[in-house]
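Novice: Predicted model follows, preceded by the sequence.
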Amino acid sequence: MDRDIFLEIHPGVQLLYFAFVILVSIMLPHPAVIGCSFLGALGYSLWLRGWKRVLRFQVFCMLPMTALVIVWNGAFSHYGVTPVYYLKTGAVTLEALAYGGVLAWMLWTSMAWFSAINQVMTMDRWVYLLGRCSPALSLALSITLRFIPRCRHQHEKMREGRRSLGMGEERRLRSRLRSGGKQLSMLLTWSLESGIEMADSMRARGYGSGRRTAYGKYSMEWRDWLALALMILLAACSLWGFILGYGSAYYNPAIRIAPLGGDAGSVVTYASWGLLCLLPVMMGCVQEIRRGRWERKYC
């Protein structure tokens, strides 16, 4: 995949999409709602970053965190009416374990969506969205996002310089901590000096002397309006069902979860929500199919 159609749509449409799916995912603890959102986030992360990096992070970071949240919530939250086993702190109930699993799943899903946001919403898109409504926040965000890779690059240069002088190869823990402290002190000094130089440069170029203007290279095209209309339609159908109670789930004092597929309203609600969560992946698949047909026809 060399291009992704969802990456090319308007930043405002992308922000609305991510904000809606993340808010619904963390507000409704229904397993079907979280499951659809998780599949959409994981599928799009795999589409953007490749399966090796994503699965490595999911297995070695998110799975232990999920187990920790389930054990912690079960051990210290004593609501529920179905005891599973007993500890010195009290009974561990099925409801507490189930809700701990749901909380961990919510956090897992949110992390997957934020991983996708990090790939889609680049710095220029954030600056474009915030440049008119909050120029100061836009400037602070752009400086921060630019400073992080610069700081990392400077740290690599410092470490390579010390290594070329025969330093930084200590094997004892105390020596390594002392060497790391010196590198941190050097990095902080460099960051302060860089900040002062940047402030002097901005002042010399007249920053703050007049009203700021914002440049934007993005404009709403027909595909952006089409994607926005489809998102609004699917989101409206989903919200309609959630308001009617199809996405309700309670874990205290007993587990009560709205059934799936009980009537047409449930089918429409969860089908709309699933399609909305999988929309970026489906847009990419449609583009790949169209590109394949074009290549077979004209190449």
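Specialist: Ah, there it is. This structure is a prediction, so every number in the text was calculated from the model and none was measured. Numbering: from 1, shown residues only.

Novice: Please count neighbours and contacts with C-alpha atoms only from this point.
Specialist: Fine.

Novice: From the chain's centroid, how far away is the helix or strand hosting residue 159?
Specialist: If you go by DSSP states H and E, residue 159 is part of helix 135-164. Between the centre of helix 135-164 and the centre of its chain there are 22 Å (CA atoms, centre = their mean, to the nearest Å).

Novice: shaky segments in the protein?
Specialist: Low-confidence segments of the chain (pLDDT under 70): 1-3, 132, 168-170, 208, 210, 212-216, 293-299.

Novice: Show me where it has its helices.
Specialist: Ranges of helices in the chain, per DSSP state H, are 5-8, 11-27, 31-49, 51-57, 63-76, 94-120, 123-131, 135-164, 173-204, 222-243, 264-277, 279-298.

Novice: So which of the ones you listed is nearest residue 249?
Specialist: Residue 249 lies closest, by CA to CA, to one member of the helices of the chain: helix 31-49, at 8.2 Å.

Novice: mind saving the C-alpha coords of that closest one as PDB?
Specialist: Extracted C-alpha coordinates of helix 31-49, given in PDB (Å, rounded to 0.1, in the frame of the first residue of the first chain):
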ATOM      1  CA  PRO A  31     -18.900  -5.700  24.700                       C
ATOM      2  CA  ALA A  32     -20.300  -5.500  21.100                       C
ATOM      3  CA  VAL A  33     -19.600  -1.800  21.000                       C
ATOM      4  CA  ILE A  34     -16.100  -2.100  22.200                       C
ATOM      5  CA  GLY A  35     -15.500  -5.200  20.100                       C
ATOM      6  CA  CYS A  36     -16.400  -3.400  16.900                       C
ATOM      7  CA  SER A  37     -14.300  -0.400  17.800                       C
ATOM      8  CA  PHE A  38     -11.400  -2.600  18.700                       C
ATOM      9  CA  LEU A  39     -11.500  -4.500  15.400                       C
ATOM     10  CA  GLY A  40     -11.700  -1.200  13.500                       C
ATOM     11  CA  ALA A  41      -8.800   0.300  15.400                       C
ATOM     12  CA  LEU A  42      -6.600  -2.800  15.200                       C
ATOM     13  CA  GLY A  43      -7.400  -3.300  11.500                       C
ATOM     14  CA  TYR A  44      -6.500   0.300  10.600                       C
ATOM     15  CA  SER A  45      -3.300   0.200  12.700                       C
ATOM     16  CA  LEU A  46      -2.300  -3.000  10.900                       C
ATOM     17  CA  TRP A  47      -3.200  -1.300   7.600                       C
ATOM     18  CA  LEU A  48      -1.000   1.700   8.400                       C
ATOM     19  CA  ARG A  49       2.000   0.300  10.300                       C
END
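
Novice: tell me what that helix is packed against?
Specialist: helix 11-27, helix 94-120, helix 264-277, helix 279-298 (3 or more CA pairs under 8 Å, 6 or more residues apart in numbering; DSSP states H and E).

Novice: Could you list the residues in contact with that helix?
Specialist: With CA atoms under 8 Å, 6 or more residues apart in numbering as the test, helix 31-49 has contacts from 21, 25, 28, 54, 102, 105-106, 108-109, 112-113, 115-116, 119, 247, 270, 273-274, 277-281.

Novice: With stretch 142-161 instead?
Specialist: Contacts to stretch 142-161, defined as CA under 8 Å, 6+ apart, come from residues 123, 124, 127, 168, 183, 187, 191.

Novice: Identify the farthest-apart pair in those.
Specialist: Taking every pair in the contacts of stretch 142-161 and measuring CA to CA, the maximum separation is 38.9 Å, between 127 and 168.

Novice: Neighbour count: these two, which is higher?
Specialist: Neighbour count, other CA atoms under 10 Å: between residue 127 and residue 168, residue 127 has more, with 22 against 19.
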